[in-house]
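Novice: coords please:
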Amino acid sequence: MKKMFLLLSLSMIGLLAQAQENKPPASPAAKAMATVKGKTITIDYGQPSVKGREIWGKLVPYGQVWRTGANASTSIEFSADVMLQGKAVPKGKYALYTIPNADQWTIIINKTIAWGAYTYKEADDVIRVNVPAKKSKAFTEQMTFAVSKKGVVSLMWENVQVDFKVK
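Specialist: All right, here's what the predicted structure looks like:
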C-alpha cells in the first residue's frame with residue numbers, strides 16, 4: 001500500500017511539473033523586422049503585458065535606464081551601416097536601452113547585450129538620441145515594436161508610443 005501511495009505521489013508530481021513546462025511565458029519573445037532601402041533592421045525583445053498595472057513612472061520608472069522590454073535586454077541589429085535620428089551607427093547587433101520620461105525618451109544603442117539593464121555601462125553607448133513620447137492612438141496590452149518600410153521604429157505599450165527614424 002505504501003509503495004502504491006509513493007508511486008501515485010511521484011506520478012502526480014511529474015504531471016504537475018509537465019503542466020508547468022507547457023505554460024506560455026508571461027512575457028513571450030517577439031521580433032520586429034523590416035528592410036529599408038536594402039538594409040534590414042531586426043529587433044528581438046521580451047513582450048511584457050500591462051495586466052492592469054500602472055506602467056509609466058511606476059513599473060517602469062522615469063529617468064532610469066530600462067532594458068526596453070522583459071527578460072534579456074532588447075537587441076537591435078542592422079545589416080549595414082545606418083543613420084539613427086541623424087547619428088551614424090555601424091552595421092552590427094546592439095542592445096537597445098531607453099530612458100523613459102513623460103514627454104521625452106532617450107534612445108540608447110549600446111555595445112553590450114545582457115540580461116536586463118543590471119550591467120549597463122554608459123561607456124559602452126554607441127549613440128544616444130532624444131525623441132518625443134506621445135499618447136498612442138489605441139491601448140496596447142503587450143509591448144510591441146514595429147518597423148515600417150520607411151524606417152520608422154515604433155515602440156507601443158499601454159497608452160504611449162515612441163518613434164525613431166533609421167535610414
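Novice: could you use CA atoms for every contact and neighbour count after this?
Specialist: OK.
Novice: any idea how far P100 is from K58?
Specialist: From P100 over to K58 the distance is 11 Å, taken as Cα to Cα, to the nearest Å.
Novice: look at these two and report which has more neighbours.
Specialist: Between P100 and K58, counted using other Cα atoms under 10 Å, the more crowded position is P100 (25 against 9).
Novice: confidence score at the most centrally placed residue in the chain?
Specialist: In the chain, the C-alpha nearest the mean C-alpha coordinate belongs to G69, at 3.0 Å (Cα atoms, centre = their mean). On the pLDDT scale, G69 is placed at 93.
Novice: so who does it touch?
Specialist: G69 makes contact with 45-48, 143 under the criterion Cα atoms under 8 Å, 6 or more residues apart in numbering.
Novice: cutoff 7 Å now
Specialist: 45-48 (Cα atoms under 7 Å, 6 or more residues apart in numbering).
Novice: next one: D124
Specialist: D124 neighbours (Cα under 7 Å, 6+ apart): 110-112.
Novice: do the same with I127
Specialist: Contacts here follow Cα under 7 Å, 6+ apart; on that basis I127 touches 108-109.
Novice: partner residues bridging it?
Specialist: I109 (DSSP bridges).
Novice: per-residue confidence for it?
Specialist: 98.
Novice: over to A72?
Specialist: According to the model, A72 scores 83 on pLDDT.
Novice: wait, a strand at it?
Specialist: Yes. A72 forms part of a strand when assessed by DSSP: H, G, I helix; E, B strand; the rest coil.
Novice: surely it touches A114?
Specialist: Yes. Applying Cα atoms under 7 Å as the test, A72 and A114 come out as touching, 6.2 Å apart.
Novice: among the contacts of G69, which two are most distant?
Specialist: Spatial extent of these (Cα to Cα) is set by the pair Y45 and P48 at 9.3 Å.
Novice: okay, buried residues for the helix or strand in which A133 is found please.
Specialist: In this structure, A133 is located in strand 125-147 according to DSSP states H and E. Of all the residues in strand 125-147, those buried under the rule 16 or more other Cα atoms under 10 Å are 125-128, 131, 133, 140-147.
Novice: please apply the same query to stretch 41-57.
Specialist: Result for stretch 41-57 [16+ other Cα under 10 Å]: buried residues 41-49, 55-56.
Novice: nearest to A80, of the residues you listed?
Specialist: I41 (8.9 Å).
Novice: contacting residues for the closest one?
Specialist: I41 neighbours (Cα under 7 Å, 6+ apart): 33-35, 77-79.
Novice: with K134 instead?
Specialist: K134 touches 103, 160-162, counting by Cα under 7 Å, 6+ apart.
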